[in-house]
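Q: coords below, sequence missing:
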């Protein structure tokens, strides 16, 4: 293989990723809750030496309306080094795939030749996803061993389950098939990630489309009907191996973040809420012999609040739940970031020992009750809170956006969630968080859309898995 042809943003080890040049652009998916205008892909200048630092420097409207862009990702990443039959010669981290969580459409944008002006090159329709894989409501995607893996919340009817994983062709983006050969007891779906060197895929659980698209359904939540388990699979065979139940009260097991060390056999999962006390939690999974197990390693309690300041959904409880809706693990596996969207807090934990996380930093922006302003505009209360969080490869910069999901935004921030993005700085060795006052795209910068997930040029902490050890 000619290494000269390999994309320089494919990193053989975590150490190579950390040492690579920093990102100069961030891509952000935005959506129009009213579906009156198209959702869009925004491009943000992240170069501190640029005169446009912190500004939107590129914009691409989708060709359709009502998609509700949510999670998205690159067509290829560092894991390509391990993919049998997927040659790295000529392959590039070039295309961004944008699933519509409500429409079930998938839009593919080319970031070449001008990374500030992404171009639409293909749309995979909901009918193709349903006919060829039997799924709908695409959510999360990763470049996988035999194609692009696209996790989906719903079955072909777009309403019920089971959800699962569709495989797309690496080159044409056509839907090839459903990934599962034997799903065992798995019915609910959400995130999917893996330990490549252990031939293990992990999935988490949220709910079927009818359970989530109009917000949290109190009757379902209090009956513990949302997802509360992890599933472990044979990656090569698509066969279910083990279900690990976290306990029915631990509702909505969402984001998965496996160790970046390809020889490790542990990772973290975030749980939105406990029906026992409104707390949120983070769990560590790990291999124990030939079985997998999971332990709760972080508990974040709810915060008492003035009932008059609470939205109707929370008034009966007199408290603000943290609502952990995203987590992110730095590439060196040193720090875990936990978004508490309800209280408006981003927590930083030192997880050098993943069994005993230690809080190392915290900042607050927004929040259901707090409405903490950005320091650059101290008189402007913020709605929403730290939601999707992304960490630079070198671990020094953290980017956050404030919108969760349209109906959930409306439920917990009924007076409006707005749109904003913030950037934090940290010491990658000692921790601690500070807000970058010169980086704050917000409001009409996003042209009436809400801002959801961030992807960084050249890869980021949640995009890549690595084939070779080394820090």
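A: Sure, I can see it. Model, not experiment: these values are computed from the prediction.

Q: contacts and neighbour counts: CA atoms only from here.
A: Will do.

Q: I'd like the distance between residue 145 and residue 81.
A: 10 Å (CA to CA, to the nearest Å).

Q: Same question for residue 181.
A: Residue 181 is 25 Å from residue 81, by CA to CA.

Q: higher neighbour count, these two?
A: Using other CA atoms under 10 Å, the more surrounded residue of residue 181 and residue 81 is residue 81, with 19 against 11.

Q: quick check, that one in a helix?
A: Yes. Under DSSP: H, G, I helix; E, B strand; the rest coil, residue 81 falls within a helix.

Q: can you give me the strands in the stretch 351-471 of the chain?
A: 358-364, 389-391, 397-401, 421-427, 431-435, 450-456 (DSSP state E, counting those that start in this stretch).

Q: Next: the stretch 201-350 of the chain.
A: Under DSSP E, counting those that start in this stretch, the stretch 201-350 of the chain gives strands at 229-234, 239-245, 250-258, 266-274, 280-288, 291-300, 303-304, 319-320, 324-329, 335-340, 345-350.

Q: okay, those in TSV with mean neighbour count, mean pLDDT and distance to residue 196 next?
A: Formatted as TSV, those follow (neighbours: other CA atoms under 10 Å; pLDDT from 0 to 100; distance: least, CA to CA, whole Å):
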stretch	mean neighbour count	mean pLDDT	distance to residue 196
strand 229-234	22	98	10
strand 239-245	17	98	15
strand 250-258	26	98	10
strand 266-274	26	98	12
strand 280-288	20	98	14
strand 291-300	16	98	15
strand 303-304	13	98	39
strand 319-320	24	98	38
strand 324-329	26	98	17
strand 335-340	26	98	21
strand 345-350	22	98	24
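
Q: do you know which of those lies nearest residue 24?
A: strand 324-329 (20.2 Å; CA to CA).

Q: Any stretches of this protein with poor pLDDT?
A: Within the chain, the segments meeting pLDDT under 70 span 1-4, 84-89, 471.

Q: what about stretch 14-34, start to end distance?
A: 41 Å.

Q: What residues of it count as buried?
A: 14-18, 22-33 (16 or more other CA atoms under 10 Å).

Q: that older thread, what's the closest of the strands of the stretch 201-350 of the chain to residue 365?
A: Here strand 345-350 is closest among the strands of the stretch 201-350 of the chain (CA to CA), at 6.4 Å.

Q: The chain: helices as residue ranges?
A: 14-19, 126-133, 209-212, 218-222, 406-412 (DSSP state H).

Q: Of all these, which one is nearest residue 314?
A: That would be, of the helices of the chain and by CA to CA, helix 406-412, which comes in at 8.1 Å.

Q: I would like the residues contacting the closest one, please.
A: 33, 68, 213-216, 311, 313, 342, 368, 384, 403, 416-417 (CA atoms under 8 Å, 6 or more residues apart in numbering).

Q: make it 10 Å
A: 31-34, 68, 70, 212-216, 310-314, 320, 341-342, 367-368, 383-384, 402-405, 413-418, 450, 452 (CA atoms under 10 Å, 6 or more residues apart in numbering).

Q: Residue 428 and residue 336 touch, don't they?
A: No. Assessed by CA atoms under 10 Å, residue 428 is found out of contact with residue 336, at 11.4 Å.

Q: Pull up the overlap in contacts between those two.
A: Between them, residue 428 and residue 336 share the contacting residues residue 330, judged by CA under 10 Å, 6+ apart.

Q: got the phi/psi numbers for the nearest residue to residue 64 once chain neighbours are set aside?
A: By the measure of CA to CA, 6 or more residues apart in numbering, the closest residue to residue 64 outside its immediate chain neighbours is residue 38, 5.8 Å from it. Here is the backbone geometry of residue 38 (degrees, to the nearest 10): phi -70, psi 150.
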